[in-house]
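Asker: attaching a predicted model along with its sequence, questions to come.
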Amino acid sequence: MTDTQAPLSAPLAELTTLRLGGPAREILRCEDTRTIVETILDLDERSEPVLVIGGGSNLVIGDAGFDGTAVVLASDRIDFGSGRESGRPHVVADAGVGWDELVAATIDAGHGGLECLSGIPGAAGATPVQNVGAYGVEVADILRSVQVLDRRSGTLRWVSPTELGLGYRTSNLKHRNDFVVVAVSFWLNENRASQPIRYRELATRVGVEPDDRVDAAEVRAAVLDLRAGKGMVLDATDFDTWSAGSFFTNPIVPGVEAPAVLERIAARVGDDVAIPTYPAGSDDADRAIKLSAGWLIERAGFHRGHPGPDAAVRLSTKHTLALTNRGSATTTQLLDLAREVRDGVVDAFGVTLRPEPVLVNCSL
């Protein structure tokens, strides 16, 4: 181990946006790629279990904590360039860079492309793992490459998006421990041009038609405003933001099952109620649909703030997809509420919601 690896005394809860979870055996903070590589390989050599933490925004850690060493990625380098293969501008960021800090930096440098993902908490290195997305854009649309530490060979290498199996809120990095993301690179747009604005709510807020492009700074401001209204911008004084963001992913129903599922939902909510659905198939032959998890939760009888003002864990008062710690909760209580919501949606509609966060030493 190197002299730069100063152990921290903070429990794991303070390293997550939920502020939940028990302690690790040791917590090490790594401020550059070299230290990350040396630390993880040294721990592997000693057969020490390793938990890699970036921004902690997508982690649910059990009350018993983690019986091993937590490695906190605190590397913060951001570099801009133009790809020789296309001439397009791009950015390369260390995994420990705060995601929203990166978005702001690209706009300040005169570029667009990341603005629809403004305000998402966590670190840049986690974004391809989850294929993070919001307001009509996901990481898969703009990802150039990912630098990973291959723990089996002890080497660093760059991986192309086609190798990552990017899908809806997932990738083949999500459930494997042999690769650790140490840097990410994204394509950018020149002249601070935004991505095409495909999300209708955002287009309305900005005052443009769907698929229009405008100044990325204008889009960023609108996205931050929309997210803040849903309790999705971190604020230490607002318990509605003490969450892991959207706890459940929007369920995707295979095309062959979709008619029966929609019929069951309509029987519950009424034929006159519009059911929000979105195409999710890869081609015209696959008529899979994506349902709104938040809509299903509300229609199953779980409203904002459930189960009530005195509960240690509640659905956000602004957004039913967020499960929030009201300041004194435990992970056990959080998962109890998650099960109640999941099972309630199954009972009402026969649709199973899947958790989006990574669960560490706990299960749903």
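Answerer: Arrived safely. Numbers count the residues shown, from 1 in each chain.
Asker: which stretches of the stretch 151-300 of the chain form helices?
Answerer: Along the stretch 151-300 of the chain, counting by DSSP state H, counting those that start in this stretch, helices occupy 200-206, 216-229, 258-269, 293-299.
Asker: okay, buried residues for the second one please.
Answerer: Just to be clear, that refers to helix 216-229. Buried residues in helix 216-229, counted by 16 or more other Cβ atoms under 10 Å: Ala216, Ala217, Glu218, Val219, Arg220, Ala222, Val223, Leu224, Leu226, Arg227, Ala228. Any C-beta I mention is one placed from the backbone N, CA and C, and that applies to glycine too.
Asker: how about the helices of the stretch 151-300 of the chain in CSV, adding distance to Thr331 and mean pLDDT?
Answerer: CSV is the format used below for the helices of the stretch 151-300 of the chain (distance: least, Cβ to Cβ, whole Å; pLDDT from 0 to 100):
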stretch, distance to Thr331, mean pLDDT
helix 200-206, 32, 96
helix 216-229, 25, 97
helix 258-269, 31, 97
helix 293-299, 20, 98
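Asker: low pLDDT regions in this protein?
Answerer: Along the chain, the model assigns pLDDT under 70 to residues 1-10, 83-86, 281-285.
Asker: max-length helix in it?
Answerer: helix 331-349 (DSSP state H).
Asker: mind giving me the packing neighbours of whichever helix or strand comes after that helix?
Answerer: As assigned by DSSP states H and E, the chain's next helix or strand after helix 331-349 is strand 358-360. Where contact means 3 or more Cβ pairs under 8 Å, 6 or more residues apart in numbering; DSSP states H and E, strand 358-360 is packed against strand 59-61.
Asker: next up, phi/psi of the nearest residue to Ala193 once chain neighbours are set aside, please.
Answerer: Excluding the flanking residues, the one nearest Ala193 by Cβ to Cβ, 6 or more residues apart in numbering is Gly112, at 4.6 Å. Main-chain dihedrals, Gly112, degrees, to the nearest 10: phi -130, psi 180.
Asker: quick check: Gly112 vs Gly125, distance?
Answerer: Gly112 sits 22 Å away from Gly125, going by Cβ to Cβ, to the nearest Å.
Asker: looking at the two, which one has more neighbours?
Answerer: Neighbours were counted for Gly112 and for Gly125 using other Cβ atoms under 10 Å; Gly125 has more, 28 against 24.
Asker: so the more buried one, which state does it fall into?
Answerer: helix (DSSP: H, G, I helix; E, B strand; the rest coil).
Asker: I'd say it and Val72 touch.
Answerer: No: using Cβ atoms under 8 Å, Gly125 is not in contact with Val72; the gap is 11.5 Å.
Asker: shared neighbours of these two, anything?
Answerer: Shared contacts of Gly125 and Val72 (Cβ atoms under 8 Å, 6 or more residues apart in numbering): Gly54, Gly96.
Asker: buried ones in the longest helix of the chain?
Answerer: Neighbour-count burial for helix 331-349, counted by 16+ other Cβ under 10 Å, picks out Thr331, Gln333, Leu334, Leu335, Leu337, Ala338, Val341, Arg342, Gly344, Val345, Ala348, Phe349.
Asker: Gly167: which of the residues you listed is nearest?
Answerer: Closest approach to Gly167 among the buried residues of helix 331-349 (Cβ to Cβ): Arg342, at 20.8 Å.
Asker: skip the chain neighbours and tell me the closest residue to the closest one.
Answerer: According to Cβ to Cβ, 6+ apart, the nearest residue to Arg342 is Leu353 (5.1 Å).
Asker: and Val129, that's in a helix?
Answerer: Yes: Val129: assigned to a helix according to three-state DSSP.
Asker: what's Tyr168 sitting at in phi/psi?
Answerer: Torsion angles, degrees, to the nearest 10, at Tyr168: phi -60, psi 110.
Asker: how much space between it and Tyr278?
Answerer: Distance from Tyr168 to Tyr278, counting by Cβ to Cβ: 11 Å.
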